[in-house]
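Peer 1: Any chance you could fold what I've pasted below:
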Amino acid sequence: MRFVVIFANYLIWHYGRAIADLTHIYGNLIRFTFNFFSLTILLRSYFSPWRRMGESYPERSMEITAYLSVFTVNMIMRCVGIFMRTIIIIIGLMATILVIVSYPLILLTWLILPLLVVFFFLVGLGLLIR
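Peer 2: Residues are numbered from 1 along each chain as shown. Next comes the predicted model:
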């Protein structure tokens, strides 16, 4: 009789509190994935030079070639920054979408697990009886 009470309490927990906790944890996982790739920071600094690399403009120099050289290097670093940030943003969005899409599969697995335990127990009994 005690087993029935324990099993009933388990099912109440499994299909009640555990699903709510799983949903809360999954929301945290989505936020973690989004923040892990720093997507908002990458979008805000999209046109910045990569890793702040660049040259400083010469002071009090009137040589146009020096200014053009520094300008070219800075533009190349900005292009590298845009390229790298684009790749990281794409990877981050794909990872976040993968986490979001996997939730129904994980939830379905969680809902089916008690039924699988009973099913495999009965299959094991059937194999013993043969």
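
Peer 1: Can you tell me the SS state at residue 120?
Peer 2: At residue 120, secondary structure determined by DSSP: H, G, I helix; E, B strand; the rest coil is helix.

Peer 1: Now do it against residue 14, distance only.
Peer 2: According to CB to CB, to the nearest Å, residue 120 and residue 14 sit 17 Å apart. C-beta: built from backbone N, CA, C; applies to glycine.

Peer 1: So these two - more neighbours on which side?
Peer 2: Set residue 120 next to residue 14 and count neighbours by other CB atoms under 10 Å: residue 14 wins out with 14 against 10.

Peer 1: wait, what's in contact with that one?
Peer 2: Residue 14 is in contact with 110, 113-114, counting by CB atoms under 8 Å, 6 or more residues apart in numbering.

Peer 1: and it, what are its phi and psi?
Peer 2: phi -60, psi -40 (degrees, to the nearest 10).

Peer 1: could you say which helix or strand contains the residue nearest the centre of the chain?
Peer 2: Central residue of the chain (CA atoms, centre = their mean): residue 33, 2.7 Å from the mean position. Residue 33 is part of helix 18-36 when elements are defined by DSSP states H and E.

Peer 1: Go through that helix and flag the buried ones.
Peer 2: 26, 33-34 (16 or more other CB atoms under 10 Å).

Peer 1: Stretch 52-63 too?
Peer 2: Neighbour counts over stretch 52-63 (16+ other CB under 10 Å) mark residue 54 as buried.

Peer 1: Pick the one among the buried residues of helix 18-36 closest to residue 70.
Peer 2: residue 34 (36.4 Å; CB to CB).

Peer 1: one step back: just checking, which of the contacts of residue 14 belong to helices?
Peer 2: Judged by DSSP state H, helices contain the following of these: 110, 113-114.
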